[in-house]
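K.L.:
All I have is the shape, not the residue letters:
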């Protein structure tokens, strides 16, 4: 039985491997291409994937829409710059500081917003994003105001940094993949499916939602720290509400699969964005059109037909009486095991029809 | 009753419970005590709107109470959150089963089995065993791998019952467990429920099907206008003029109570 | 004394404008649970239509044409971008995000058409009078008068016409209203038309006071939302009240404390109300609160 559990994670590892291959291919191809433009595009793609993954934790796992991701990204960036300029520590330490700042911000903000749901909650996060934008502009002693701040020892357009960012992005998606089939992951997905039912079987709904926000914000802030490594310079214009809307579009465009959906949504948006950065108005127009078209007419996104969570399914082998370390010796145990075992030879399940779903 | 059993806290003690929705008073000074020993099934009857499901929602803290007190095995429920009830040994089912329809039956029940942690519990493995056992108990042992969405309504109710059992409750609250079930399913349910009381679980069931009530419940309580108007056993309930007038109908005479069987 | 009069006057005008924007916001919210965050862009579009496109020589006629056009655009927007998703089960959150998209699209198209530099103003009523040493433009008074007329007119329409009463019914319970034969989709389009007409009134009368330019920020919508929430979502009188409160608090703070704080204060007030009193000052509760568990 324990082997069965291990097998579920091993099965998930197929996706992990695929993710690693995809990201490695991207990195190698970009490095081979050699141009700065390619490196910058890939860096932006990697960072955007991290942001999309962070929103996926809140929205895809916990059904809490958030328009704050890029604001927290900014918090992580400013914290990293502050820590590096004040104390001169190396990047990994600044990264830890950013992660901690993100998690703290998550707990701080999720608590007052914890009773809100659905679009009222989203509006609460909207308020936070615009407050952060204002704070970035006006708290000049900490953030340098509208003029922004220079980043010490930034490595712009460097291939190792690009590789690191892509590795982090792949790592976070792999983490999401295994979280999805873990005990906590399945509980949080149960909360997403039916909150009342989850509370009635003893699941601590409030704690899970809080933790989702804290982890999500930590990832976004960490991404902000990585961003500072690649940009010589950060300013409030990098962290606006419009960008948060872009992250939301990417998650929804990605669809229900938390691994491939994150990648697909981030990739699709990054590609379209890269094509239009030449004319600044055009990328905003593209965002607006995507918001209307994707959310309105393509709600299932690119991976709409995947069921997001792992099924606990048969066949699994009941432990044999001789020698199995985790065999259950009670009569009910073996009877249950035998009954379950008998089912192992039947067809495991019938594929459910795709039930109509609200989005 | 000896003095020793008198000391054990009641399975359920409700006193002075009041609840209004807007201007509508659903429960007024409601009182009910269900002793922990001997474990028995208590059926709650009443017209629609009498407050039965509201009572269950108040006990399980899905709805806040206006006033009063609720105690479950000595724990003050009104001071707790919904998630604590499972730890006190209380589980419930819903009138319309709330399952994860994209997952297998075993998966749904494991969610319940993993929720309440006791000492000497194994990890996920032992939880899966408990889940399989619970499904076996409700007669779905052969369906553990089936996706819940493909099951007929009656079977879904049984899966929800199995999930409630996987929480290892001492008090089980059932909201119309027989609604939507065929006759065959209903008689199997009667056997399952009497098996549960024999195994030591106190049942509180809201039910309209008198056959099931008579076969399963040792005590029948009728709610009307937010308070209890009758409290006795099943035979007395069927014979009572008050119950006949307010709920059953004067011409009701189909059921002869016989424990464990429907007809 | 000068400063106070000036601050009060500008707060009054801004508050009226914000109150009307919040009213437009509320009209759509009460019938369809959607927050239209494109309010700012519709408003600016109306202003741009009068300043950049002079249809006739008369400013008043220009304004009326702009109002009609923007109102039509409002219902067109609903029909194109929101009606199909609504019918196919989109949640209110999705619809709200779509309105953000609509706002961005309008904004970018306007920039492509007219550029992002401020355009010259063409106030309907030129001139000003002097009160306590402050210049008080007549246009501002016209704005207040127009607001009063609009609000009274809408209230009368709502109470005394069939369409108005149907809108009230729709706001109460949409599914039930359908069973009574109320054509909800047409009525929601009517609500959008009315809402955008109100926004166009604000755009043509208020924006020339402050300068007309497209800016790439969505804060008008957020400010209108803040005013609607603070006054009480779903309550038209509350919307106006909320607008005045937000305007006075933020403007006076801006004048006497620190001019950089106005936007921040608006958003902070919004956040505080969402957290502590989502029903706003009039205290209506919002259905979308989770359980205490």
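P.N.:
Arrived safely. Owing to the predicted nature of the structure, the values given are computational and were not obtained by experimental measurement.

K.L.:
burial of the closest residue to chain C within the stretch 101-250 of chain B, as a residue count?
P.N.:
Closest to chain C within the stretch 101-250 of chain B is residue B:115: 13.8 Å, counting by CB to the nearest CB. (Each C-beta comes from the backbone N, C-alpha and C, glycine too.) Residue B:115: 24 surrounding residues under other CB atoms under 10 Å in any protein chain shown.

K.L.:
nearest spatial neighbour of it, skipping sequence neighbours?
P.N.:
residue A:202 (3.8 Å; CB to CB, 6 or more residues apart in numbering or on different chains).

K.L.:
Return the backbone torsion pair for that neighbour.
P.N.:
Residue A:202 adopts backbone torsions of phi 90, psi 10, taken as degrees, to the nearest 10.

K.L.:
How about the contacts made by it?
P.N.:
Taking CB atoms under 8 Å, 6 or more residues apart in numbering or on different chains, we find residue A:202 in contact with B:83, B:84, B:85, B:86, B:87, B:112, B:115, B:116, B:167.

K.L.:
Verify the contact between the first one and residue A:197 for me.
P.N.:
It refers to residue B:83. No - assessed by CB atoms under 8 Å, residue B:83 is found out of contact with residue A:197, at 11.7 Å.

K.L.:
can you pull the pLDDT of the residue nearest to residue B:115?
P.N.:
Looking at residue A:202, its pLDDT reads 89.

K.L.:
That one and residue C:49, how far apart?
P.N.:
59 Å (CB to CB, to the nearest Å).

K.L.:
Any part of whichever strand or helix holds residue A:184 near chain C?
P.N.:
Residue A:184 is part of helix A:183-193 when elements are defined by DSSP states H and E. No - using CB under 8 Å from any CB of the partner chain, helix A:183-193 never reaches chain C; the gap is at least 10.7 Å.

K.L.:
Which residues outside that helix are in contact with it?
P.N.:
Counting by CB under 8 Å, 6+ apart, helix A:183-193 makes contact with A:61-63, A:178-180, A:197-198, A:203, A:205, A:208-209, A:212, A:308-310, B:100, B:107, B:111, B:114, B:124, all of which sit outside it.

K.L.:
okay, residue 213: pLDDT?
P.N.:
Picking chain A for this. On the pLDDT scale, residue A:213 is placed at 95.

K.L.:
My question was about chain C, not that one.
P.N.:
Note on residue C:213: pLDDT of 61.

K.L.:
can you pull the contacts of residue B:51?
P.N.:
B:19, B:26, B:27, B:30, B:223, B:226.

K.L.:
could you redo the last one with a cut-off of 10 Å?
P.N.:
B:17, B:19, B:25-28, B:30, B:44, B:57-58, B:223-227 (CB atoms under 10 Å, 6 or more residues apart in numbering or on different chains).

K.L.:
So what does it have for phi and psi?
P.N.:
Residue torsions, per degrees, to the nearest 10, at residue B:51 are phi 110, psi 10.

K.L.:
just to revisit the earlier point, hmm, which of the contacts of residue A:202 is lowest in pLDDT?
P.N.:
Scoring those by pLDDT puts residue B:116 last, at 73.

K.L.:
Which of the three states applies to that residue?
P.N.:
coil (DSSP: H, G, I helix; E, B strand; the rest coil).

K.L.:
Kindly tell me how buried it is, as a neighbour count.
P.N.:
By other CB under 10 Å, neighbour count at residue B:116 equals 19.

K.L.:
gap between it and chain A?
P.N.:
6 Å (CB to the nearest CB, to the nearest Å).

K.L.:
hmm, back to that, the contacts of residue B:51, buried ones only, as a PyMOL selection?
P.N.:
Buried residues within the contacts of residue B:51, by 16 or more other CB atoms under 10 Å in any protein chain shown, are selected in PyMOL with:
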select buried, chain B and resi 17+19+26+27+28+30+44+57+58+223+224+226
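
K.L.:
For residue A:281, the count of nearby residues, please.
P.N.:
15.

K.L.:
Test my guess that it contacts residue C:111.
P.N.:
Yes - look at residue A:281 against residue C:111 with CB atoms under 10 Å: they come within range, at 5.4 Å.

K.L.:
so where's the longest helix in the chain?
P.N.:
No chain was given, so I picked chain A. Assignment by DSSP state H gives helix A:2-33 as the longest helix of chain A.

K.L.:
my bad, chain C
P.N.:
helix C:2-32.

K.L.:
quick one: buried residues of the helix or strand just after it?
P.N.:
Once the chain leaves helix C:2-32, the next helix or strand it forms, by DSSP H and E, is helix C:39-52. By 16+ other CB under 10 Å, the buried positions in helix C:39-52 come out as C:39-51.

K.L.:
Sweet, I'm off.
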